[in-house]
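Peer 1: Coordinates for the following, if possible.
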Amino acid sequence: MPLKTIKKLLTLFPILALTHCFTYSPDWQIPEPVDLKTDITVLLQEADTLVRYADSKEKLMHIISIYEKVIQTDPQNYKALYELGHLYLLTGDGYSVKLSEKKNFFKKALYYNEQAMYTNSLFKEQIDAGAEVWEAAKVLQERDMDLMLFWTTAVFYYYKECLGAFGQMINYHWIRRAKAMMEQLYSINPEHAGGAPYFTKALYYLSIPASVGGNKKIAEELFAKAIETGPDWLLNRWGRAKYFHVKMQNREAFKQDLEWILKQDIDTMKGHPAWKIYFMKDAQNMLTRIDDLF
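Peer 2: Have a look, this model is predicted:
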C-alpha cells in the first residue's frame, strides 16, 4: 500500500473507528412494571398461536409486540424474554434489508437474551460482581443454552452483516467474546437442539480468516456432525448450503441440501415454528436465485 494512502487512513482512523465501531453495552437494570392489569396468560397463548403462521416481517413484529406487552407487566418473564431474544434475531437476519434495522434488531436480540440469562441467580451474582457476559456464562447450564446460542449468533450476524472490512478489523474482539460464549455452550452439550453448537462452531471456523484460526476442513466436519446429530432439524442443512456450499462454490451439494429441505414435512421437523417457516422460505428463495450465488 502506498505511503500516501497509509497516511490518509491514519488521518481518518478516528472517524472510521467511530462510524464502524460495534457499540453495545448491557443494561442490567430490571424495568419497572408499567401495566399490572394485563392478563399475560392470554397474551402468551395468543403469541404461541400466531407464531405458527409467522411467515413475514409484519407478522413477526406483531408477535414481538405481544411479548413486549408481557414484559411490561412482568419484566422478568422468562418465556417472553426468551422468545424476544430469538425472534428479534430472526427478524433481523431473515426479514430485514436496511442496515440500520439489522443493527437495531441484533442489539435487541443481545439485550433480551442477556435479560433472560439474568433471571439465573448464579449468572446474576457474577454480573453484579462485575463480570462480563461472556465471563459470567461459565455458570449457565442446559436451560440457558438457547440463550447462549442466540447471543453468540447475534454477535456473529452483526459482525458479518453490519460491519465492513475495516469495521470487522477493529471489532474483532467481539468475535473473541462470542467464541468464549460458544466454547461454554459447546462444553455443556454439543448435541443440544439437534447439534446447534456443532453448527455454530462450524460457522465460526468458516467465517474467520485462516490467519486467526479459520479452517474450512474443520467447518465441513462440524456441519456434517450437526446434520448427523440432528437429522430432523432444518437448520443444519440450510446453514451448510447457505454458508459452506456457497463459499466453496459447490453448486450440486447446495442444491441437494436445499431440495432435501423442501421435501420435508414442516410439521414433523423439530425446531421453533417461525424458524422452520423461514428455513423453508429461504431454501426456496436461494434455489430460485442459484445463478446469482454461483
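Peer 1: When you work out contacts or count neighbours from here on, use the C-alpha atoms and nothing else.
Peer 2: OK.
Peer 1: Endpoints of stretch 155-171, how far apart?
Peer 2: Chord length of stretch 155-171, first to last residue, is 11 Å (CA to CA, to the nearest Å).
Peer 1: and it, average pLDDT?
Peer 2: Across stretch 155-171, pLDDT averages out at 88.
Peer 1: Show me what the helix or strand harbouring Tyr88 is packed up against.
Peer 2: Using DSSP states H and E, Tyr88 sits within helix 78-94. If you count contacts as 3 or more CA pairs under 8 Å, 6 or more residues apart in numbering; DSSP states H and E, helix 78-94 packs onto helix 57-73, helix 99-117, helix 145-162.
Peer 1: Nearest to Asp291, out of the ones you listed?
Peer 2: Nearest to Asp291, of all the helices and strands packed on helix 78-94, is helix 145-162, at 21.7 Å by CA to CA.
Peer 1: tell me what the helix or strand just after the closest one is packed against?
Peer 2: Next helix or strand after helix 145-162 toward the C-terminus (DSSP H and E): helix 165-170. With contacts defined as 3+ CA pairs under 8 Å, 6+ apart, helix 165-170 has these neighbours: helix 3-19.
Peer 1: For the helix or strand following the helix it packs on, buried residues please.
Peer 2: Remark: after helix 3-19, the chain's next helix or strand is helix 40-50, criterion DSSP H and E. Within helix 40-50, the residues that count as buried by 16 or more other CA atoms under 10 Å are 40, 43-44, 47.
Peer 1: just to revisit the earlier point, average model confidence for the helix holding Tyr88?
Peer 2: 97.
Peer 1: Check the spacing between the most centrally placed residue in the chain and Ile66 real quick.
Peer 2: Nearest residue to the geometric centre of the chain (CA atoms, centre = their mean): Thr153, 2.9 Å. Thr153 sits 24 Å away from Ile66 when distances are taken as CA to CA.
Peer 1: mind putting the buried residues of helix 40-50 in JSON lines, pLDDT and distance to His192 included?
Peer 2: Converted to JSON lines, those look like this (pLDDT from 0 to 100; distance: CA to CA, whole Å):
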{"residue": "Ile40", "pLDDT": "93", "distance to His192": "29"}
{"residue": "Leu43", "pLDDT": "96", "distance to His192": "29"}
{"residue": "Leu44", "pLDDT": "97", "distance to His192": "25"}
{"residue": "Ala47", "pLDDT": "97", "distance to His192": "25"}
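Peer 1: closest to Lys255 among those?
Peer 2: Ala47 (34.1 Å).
Peer 1: my read: the closest one touches Ile66, true?
Peer 2: Yes - using CA atoms under 8 Å, Ala47 is in contact with Ile66, at 6.6 Å.
Peer 1: rewinding a little: tabulate the buried residues of helix 40-50 (CSV), appending distance to Ser96.
Peer 2: Formatted as CSV, the buried residues of helix 40-50 follow (distance: CA to CA, whole Å):
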residue, distance to Ser96
Ile40, 28
Leu43, 25
Leu44, 25
Ala47, 21
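Peer 1: Give me the buried stretch members for the strand or helix carrying Lys217, please.
Peer 2: Here Lys217 sits within helix 216-229, counting by DSSP H and E. For helix 216-229, a neighbour-count test (16+ other CA under 10 Å) marks 216, 219-220, 222-227, 229 as buried.
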